[in-house]
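Student: here is my input; please provide its structure:
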Amino acid sequence: MDRIMRAHEIIGILVIPGRTEAEKSVGNLDTLWQDRCLRFCQALGEEKFENLLTDASLQGFGIRYCKSVDPRFSYVCSAIISLLRLHAEITELTSKFNSGLVTPVLAPPCIISASQRDKIIKLVQYVIALEVLPNLLPGVGIPLKKRSEYAHELLDQASASNVSDVEKYDRLSFTTRALLKIASDPNLGCLIYSTSLPDILAALLQLCYAPIKEPDPKSTCTLVTPVLYSRFMAERREFKSQLDHLIATVYRPPLIKSLLLLQGAPKNLDTLPKVGPLVIAPVWLRAVCAEKLTSCLMQYNGIIYVAEATLGYYCDGSVDLNRINAVSQLIATPPKEVGIHSYYRVIAPQVVSLLKTSNPQTQPAFLQLGFRIIQLMMEKNSEITYKFLLKPVFLPLLQCLDSTVSEKCEIPDEFQLSQCLEEVKKVFVDNAQPGESVQAYLKSILIVLFKIYSCVFYGASYLRSTVEEILLRSLQNNSTAENIQVFELLAFNRLEKGMFPLKKGLTFKSGEEGGIVATFDENEENWLVSDDEKAIIIVDLMTKQGDSETLSQFFLHLLKRLGSIIDPLEEDSDPEGDDFESKLLRIEKQLDDKMFKLKESLMVVRLISLLSESEGIQDVIMKDQVKVVEFTKMTLQRVAIQIEESAERQLIDKESVCLAIGVLASLTSSASKVKNSLWDQLQTVVPDLDNLMNRHPDQEVRECAEDLKIVIASRGIYTNEMAKRMRKEKTKLEKEKKIVEELSNKEAVFENLKNVVIDPAIKLKEEVMNLYPNKKRR
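Tutor: Next up is the predicted model:
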């Protein structure tokens, strides 16, 4: 223990405290390095510093290649020797402690106090500032402007020394080897890597991948000789193994952060958010950092490590959207050397695990990052993203469907269903903007979600709000026509292309833990009761959605379907020549079709009755003139169908047709205020009014329909009063025409009589007058 304390005292000798203004005015630090080296030699009992350079601990790091020794390099060698002595003492004492040879009184020998830790960190930073950073190539490492003022002063003096490029390489390799050896102890390595990992990583990357020009045998003026080039290549293999070991052992978040810093900024730096001290790095360094980042990203929990490295911890729950966009773009873009199929297959499960984070400090940022990654992945390739990301999330729900996906799969248990629903909620509900491409895939599981919601709607389960939010989100960003299709799907089970029904006999029940359990029930449930419950749930969903446009349009859509219910059922044909089995199959199919039509008809009636009782639907329809016209048009068409069957059923509804005509009359009462678009809409009702005028059995209805037809056909030029007068005049003209026709018929009879009786007498009289011209005619 005394030897460890002695090693810490020697480190304290080399640590330089803050300089005074008088020392700063000197402007040269060489005297300060020489003074510290002299004190260091006295503490070790050496008369000359050159004797320390021959120390056995330095020979394995390549100090023999460092030919020139200046005060700065002497100070660095002294610091490395002191750190290596501390490393040796800690390693020896820790080995004895682990083997039981030494029993400390208070604490293990590896414990380092706060003051000792600060001195070690400062001394390591001196070593890096004096012999690592000055020997890095331009663009490698964190720029000098981002350093502290004191470090910048040290670097200015170190850069001013005249050292050849080969000497810089030898000093950098010597210092890097020594630092890696010192950091091999877990206690010292934790201190070194926590403060100087980017600098050590920059030195290793340069030593491993910086381009070295191969010597030309024909040229006599070459700086790198063949022998020197061979040594560089051998050392490069050595440093690559050390780099791989460093990447494999260091904690990933700081390693990824260091790689991102060393990768530097792209050419469009001005368009990106400021994420740290970035410079434009060399091409070879950017390529190497990108390769290392890709390997880190594709390993286990790689995305979580990237998130921790770039986003950090947001204790106040705030989220930097600019940084999230930049990081998500980095993660969602597949590297060139890895195909998008292989890349998404690896990172998709990691994105899902990113959404499952429960740490309250990181959860807001991680969730936003996961949502943004999913959006970008769907934009780049939606099919592959669905295959590797969304489909595994949907899998427990897809197993409940009668599809090829679930042929060889067992039905999920309560825990799997609950976890699946929570993940679907995070992807589609917690995500503020899931995107159209993401939301489109939600249709494939709507049948299962609605079936589960039907189970929890009348029961007690903590999943009710979860499923309800998912269903409402599936309707939120859709158009009115798309929402009507969704409600048609839920009400009448009209599956679209690519959709599958539930497995036969599969039903959902409340689980023991408050969730949902999928089971097979051989006893068929009463479809009358189940359809009643379904209609109530659908209307409840429409009401909670709060979209009055969808509510009114769906109501009008149901009224349009109501007319088909009135149509007579087609008579079953019984073709001759069929055998008994064919007839039986045909009858069975006909019964199924009739039962299906009956269920649909009853569902339409249920929904219309429930929606009619819904609050505000009358106001929504009657305030919109276009909807009013649609409503009356459907009423008139339904009455027309009743007229077709009036001879057999006598079911003509006079109240409905009078109400429809009254509504249309009120719309056209102020013709000057009616817009042209409404007149165009009213023209579609003219054929229905014409049908009523010609075929309705009630005289009053026919007259009202005729008056209204005149007003609409003239686009308000003729008012309702004028139409009535025209109708009266028309009736009068028709009566007069009838009288005229009757009179014309009488005149024709009279002419016939005249030809038979009168004409002979006239002819006789004329003959007499011809005989007696002088007599007066009588």
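Student: next secondary structure after the helix or strand bottoming out on mean pLDDT in the chain?
Tutor: Scoring the helices and strands of the chain by mean pLDDT, DSSP states H and E places helix 21-26 at the bottom, with a mean of 43. As assigned by DSSP states H and E, the chain's next helix or strand after helix 21-26 is helix 30-44.
Student: what comes up buried for that next one?
Tutor: Residues 33-34, 36-37, 40-41, 43-44 are the ones in helix 30-44 that count as buried (16 or more other CB atoms under 10 Å). C-beta: built from backbone N, CA, C; applies to glycine.
Student: same thing with stretch 336-354?
Tutor: In stretch 336-354, counting by 16+ other CB under 10 Å, buried: 343-344, 346-348, 350-352, 354.
Student: take those and write them to TSV, including distance to residue 731, secondary structure and pLDDT.
Tutor: Listed next are the buried residues of stretch 336-354 as TSV, based on distance: CB to CB, whole Å; DSSP: H, G, I helix; E, B strand; the rest coil; pLDDT from 0 to 100:
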residue	distance to residue 731	secondary structure	pLDDT
343	84	helix	91
344	79	helix	91
346	86	helix	91
347	83	helix	91
348	79	helix	91
350	84	helix	90
351	79	helix	90
352	78	helix	88
354	81	helix	87
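Student: out of those residues, which comes closest to residue 205?
Tutor: Here the nearest of those to residue 205, counting by CB to CB, is residue 343; it sits at 23.5 Å.
Student: residues contacting stretch 609-627, please?
Tutor: 535-536, 539, 542-543, 548, 551-556, 558, 628, 631, 667, 678, 681 (CB atoms under 8 Å, 6 or more residues apart in numbering).
Student: put the alpha carbons of that stretch into PDB.
Tutor: Extracted in PDB, the C-alpha atoms of stretch 609-627 (Å, rounded to 0.1, in the frame of the first residue of the first chain):
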ATOM      1  CA  SER A 609     -82.800   3.200 -35.500                       C
ATOM      2  CA  LEU A 610     -79.800   3.800 -33.300                       C
ATOM      3  CA  LEU A 611     -78.500   6.700 -35.400                       C
ATOM      4  CA  SER A 612     -81.900   8.300 -35.500                       C
ATOM      5  CA  GLU A 613     -81.800   8.500 -31.700                       C
ATOM      6  CA  SER A 614     -78.300   9.900 -31.800                       C
ATOM      7  CA  GLU A 615     -78.100  13.400 -30.500                       C
ATOM      8  CA  GLY A 616     -77.500  16.100 -33.100                       C
ATOM      9  CA  ILE A 617     -77.800  13.900 -36.200                       C
ATOM     10  CA  GLN A 618     -81.000  15.700 -37.300                       C
ATOM     11  CA  ASP A 619     -79.300  19.100 -36.900                       C
ATOM     12  CA  VAL A 620     -76.300  17.900 -38.800                       C
ATOM     13  CA  ILE A 621     -78.400  16.700 -41.800                       C
ATOM     14  CA  MET A 622     -81.000  19.500 -41.800                       C
ATOM     15  CA  LYS A 623     -78.300  22.300 -41.600                       C
ATOM     16  CA  ASP A 624     -76.600  21.000 -44.700                       C
ATOM     17  CA  GLN A 625     -78.800  21.600 -47.800                       C
ATOM     18  CA  VAL A 626     -76.900  19.000 -49.900                       C
ATOM     19  CA  LYS A 627     -77.600  16.300 -47.300                       C
END
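Student: give me phi/psi at the residue nearest to residue 291 when sequence neighbours are not counted?
Tutor: Nearest residue to residue 291, sequence neighbours excluded (CB to CB, 6 or more residues apart in numbering): residue 337, at 7.5 Å. Dihedral angles of residue 337 (phi, psi; degrees, to the nearest 10) stand at phi -80, psi -10.
Student: the helices in the stretch 51-200 of the chain, which residues?
Tutor: Taking DSSP state H, counting those that start in this stretch, the helices of the stretch 51-200 of the chain run over residues 56-59, 71-99, 114-131, 149-160, 165-182, 186-209.
Student: how far does the third one sit from the chain's center?
Tutor: This means helix 114-131. Here helix 114-131 is found 47 Å from its chain centre; the criterion is CA atoms, centre = their mean, to the nearest Å.
Student: helices and strands around that helix, which ones?
Tutor: helix 2-14, helix 71-99, helix 149-160, helix 165-182, helix 186-209 (3 or more CB pairs under 8 Å, 6 or more residues apart in numbering; DSSP states H and E).
Student: save those as JSON lines, and put in distance to residue 127, mean pLDDT and mean neighbour count too.
Tutor: Shown next, in JSON lines, are these (distance: least, CB to CB, whole Å; pLDDT from 0 to 100; neighbours: other CB atoms under 10 Å):
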{"stretch": "helix 2-14", "distance to residue 127": "10", "mean pLDDT": "83", "mean neighbour count": "16"}
{"stretch": "helix 71-99", "distance to residue 127": "5", "mean pLDDT": "83", "mean neighbour count": "20"}
{"stretch": "helix 149-160", "distance to residue 127": "11", "mean pLDDT": "57", "mean neighbour count": "14"}
{"stretch": "helix 165-182", "distance to residue 127": "6", "mean pLDDT": "89", "mean neighbour count": "21"}
{"stretch": "helix 186-209", "distance to residue 127": "9", "mean pLDDT": "91", "mean neighbour count": "20"}
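Student: any chance of those helices in JSON lines, plus distance to residue 229?
Tutor: Shown next, in JSON lines, are the helices and strands packed on helix 114-131 (distance: least, CB to CB, whole Å):
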{"stretch": "helix 2-14", "distance to residue 229": "36"}
{"stretch": "helix 71-99", "distance to residue 229": "24"}
{"stretch": "helix 149-160", "distance to residue 229": "26"}
{"stretch": "helix 165-182", "distance to residue 229": "11"}
{"stretch": "helix 186-209", "distance to residue 229": "14"}
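Student: for residue 280, find the nearest of those.
Tutor: Nearest of those (CB to CB): helix 186-209, 14.7 Å.
Student: name the nearest residue to residue 176, sequence neighbours excluded.
Tutor: residue 203 (4.6 Å).
Student: out of the helices of the stretch 51-200 of the chain, nearest to residue 384?
Tutor: Closest to residue 384 of those, according to CB to CB: helix 186-209, at 32.1 Å.
Student: which helices and strands sit right next to that closest one?
Tutor: helix 71-99, helix 114-131, helix 165-182, helix 226-249, helix 252-263, helix 283-297.
Student: tell me which of the helices of the stretch 51-200 of the chain sits nearest to residue 8.
Tutor: Smallest distance to residue 8 across those (CB to CB): 5.1 Å, for helix 114-131.
Student: export only the CA atoms of that closest one, formatted as PDB.
Tutor: Extracted in PDB, the C-alpha atoms of helix 114-131 (Å, rounded to 0.1, in the frame of the first residue of the first chain):
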ATOM      1  CA  ALA A 114     -11.000  12.000  -5.600                       C
ATOM      2  CA  SER A 115      -7.800  14.100  -5.400                       C
ATOM      3  CA  GLN A 116      -5.700  11.200  -6.800                       C
ATOM      4  CA  ARG A 117      -8.300  10.700  -9.600                       C
ATOM      5  CA  ASP A 118      -8.100  14.400 -10.600                       C
ATOM      6  CA  LYS A 119      -4.300  14.200 -10.700                       C
ATOM      7  CA  ILE A 120      -4.300  11.100 -12.900                       C
ATOM      8  CA  ILE A 121      -6.800  12.700 -15.300                       C
ATOM      9  CA  LYS A 122      -4.800  15.900 -15.600                       C
ATOM     10  CA  LEU A 123      -1.600  14.000 -16.200                       C
ATOM     11  CA  VAL A 124      -3.200  11.900 -18.900                       C
ATOM     12  CA  GLN A 125      -4.600  15.100 -20.500                       C
ATOM     13  CA  TYR A 126      -1.100  16.600 -20.500                       C
ATOM     14  CA  VAL A 127       0.300  13.500 -22.300                       C
ATOM     15  CA  ILE A 128      -2.500  13.700 -24.900                       C
ATOM     16  CA  ALA A 129      -2.200  17.500 -25.400                       C
ATOM     17  CA  LEU A 130       1.600  17.300 -25.900                       C
ATOM     18  CA  GLU A 131       2.200  14.200 -27.900                       C
END
